[in-house]
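Asks: quick one: sequence and predicted model below, then my questions.
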Amino acid sequence: MSKRQTLTLHRWLGLVILLPLLLQTLTGLMLVYKWPLARLLDASGMQRATQHVDSTPGRIVELATGLWSESKIRRLYFPDSAKGTFFLLLQQGDGERYYASMDPGDGRVLREGNIWQFPVEAALQLHFQPLPGWKGNTLVLLTGAGLLALMAAGTVAWWPRKGRWRQSLGIRGGLRRRLMIRQLHRTLGILMLPVFAVIAVTGSLMALEIALQNTGPGTAGTQRVPEPVSGADLDRTIALAQSVVSGARLRDISFPDGNTKVQFHAPEINQRAVHSVLVGGHPLQVLKYSPAQENTAWWVTLLPIHSGDILSPWGNWIVLGAGFCLLVIGSLGAWLWLPERTK
């Protein structure tokens with residue numbers, strides 16, 4: 001394939017994946033600093049207003065159960081910082097998801113509604129599953145694969161002759177605007193190629209893992225609606241889980257198969273890793289303890305790389321910079337393509 005043909009392939013690949021790639025980039029940028037951004041966008045709904053002693057998780061669940069008696073609590077996220085709130089994911093009687101944030105001090109509801117009332121949570125959903133079910137996983141996987149193919153074709157089309165490496169990355173002044181933009185598009189793409197490749201590969205592998213889980217045996221229709229849990233029982237459950245993972249900070253609780261799953265942050269592994277303790281039975285007992293270091297899921301290794309956490313504190317900024325560069329490169333590429341078709 002000649003360089004001209006490769007450049008044509010590069011252009012058409014870019015056109016095909018442009019919209020899903022822009023969606024993945026924009027939502028991904030929002031997730032690098034998820035909770036701080038949520039507070040910035042919605043201080044009244046996602047930032048605590050009280051300063052006094054915190055309510056217990058059991059008290060929060062009791063209040064939530066009373067307020068949304070027709071719904072079931074699926075997951076409760078604990079505050080990520082002193083300014084954070086409790087964040088609840090509920091399932092309504094018609095099966096629809098419902099969300100709420102509650103003040104840790106007095107349990108007051110700060111914000112409630114569907115996912116669109118919480119823009120950062122909506123970004124999370126759109127990033128990992130932009131379409132329902134397997135279609136969403138497939139779209140994310142194809143977008144990542146398309147980005148890798150796009151970069152490969154662009155690199156081949158750009159590859160300079162011997163001795164012209166410096167000139168091939170330069171941006172010369174005094175040229176027509178279209179040529180200047182083409183050079184900027186090319187240079188940014190080549191310079192950011194390693195970071196783009198890492199993000200695309202890790203994102204594609206995580207999408208593949210989710211797709212394999214969703215299509216595996218026994219995954220369809222097995223998720224049970226959580227049983228009601230009292231506040232006192234929940235506090236005893238959390239205390240029992242904390243006795244197993246002493247000193248770890250609480251991340252969230254959920255209710256799989258009528259039991260309670262308590263997850264703790266595991267910063268000694270990485271910023272995204274969790275220790276999990278499954279508690280249930282009568283009397284209450286620890287059914288399973290899954291330390292973070294024994295979790296073999298791909299995302300445990302891939303997500304910190306994908307988000308830049310592995311190079312903290314600078315890695316997050318590298319990912320943010322790469323995301324903004326990708327937006328610029330995609331926009332310039334679209335601009336370069338359109339005039340050729342609209343003359």
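Replies: On my side now, so go ahead.
Asks: rest of the way, CA atoms for contacts and neighbours
Replies: Will do.
Asks: now do stretch 111-125, average pLDDT.
Replies: The average pLDDT within stretch 111-125 is 95.
Asks: could you look up the SS state of Gly95?
Replies: coil (DSSP: H, G, I helix; E, B strand; the rest coil).
Asks: can you read off the pLDDT for it?
Replies: Predicted confidence (pLDDT) for Gly95: 85.
Asks: what count of nearby residues applies to it?
Replies: By other CA atoms under 10 Å, 11 other residues sit near Gly95.
Asks: which helices and strands sit right next to the strand or helix carrying Ala152?
Replies: Per DSSP states H and E: Ala152 is located in helix 133-158. The contact analysis (3 or more CA pairs under 8 Å, 6 or more residues apart in numbering; DSSP states H and E) places helix 133-158 against helix 3-31, helix 119-128, helix 177-191, helix 193-215.
Asks: starting at the chain centroid, how far to the first one?
Replies: Distance of helix 3-31 from its chain centroid, counting by CA atoms, centre = their mean, to the nearest Å, is 19 Å.
Asks: list the buried residues for the very next helix or strand once past it?
Replies: Counting by DSSP H and E, the next helix or strand C-terminal to helix 3-31 is helix 34-41. If you call a residue buried by 16 or more other CA atoms under 10 Å, then helix 34-41 has these buried ones: 35-39.
Asks: what does helix 34-41 rub up against?
Replies: Here helix 34-41 makes contact (CA atoms under 8 Å, 6 or more residues apart in numbering) with 30, 45-47, 80, 84, 118-120.
Asks: try 6 Å
Replies: 46-47, 120 (CA atoms under 6 Å, 6 or more residues apart in numbering).
Asks: using TSV, lay out the helices and strands packed on helix 133-158 together with mean neighbour count and distance to Trp298.
Replies: Converted to TSV, these look like this (neighbours: other CA atoms under 10 Å; distance: least, CA to CA, whole Å):
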stretch	mean neighbour count	distance to Trp298
helix 3-31	18	19
helix 119-128	19	15
helix 177-191	17	28
helix 193-215	18	7
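Asks: out of those helices, which gets nearest to Gly136?
Replies: Closest to Gly136 of the helices and strands packed on helix 133-158 is helix 119-128 (CA to CA; 7.5 Å).
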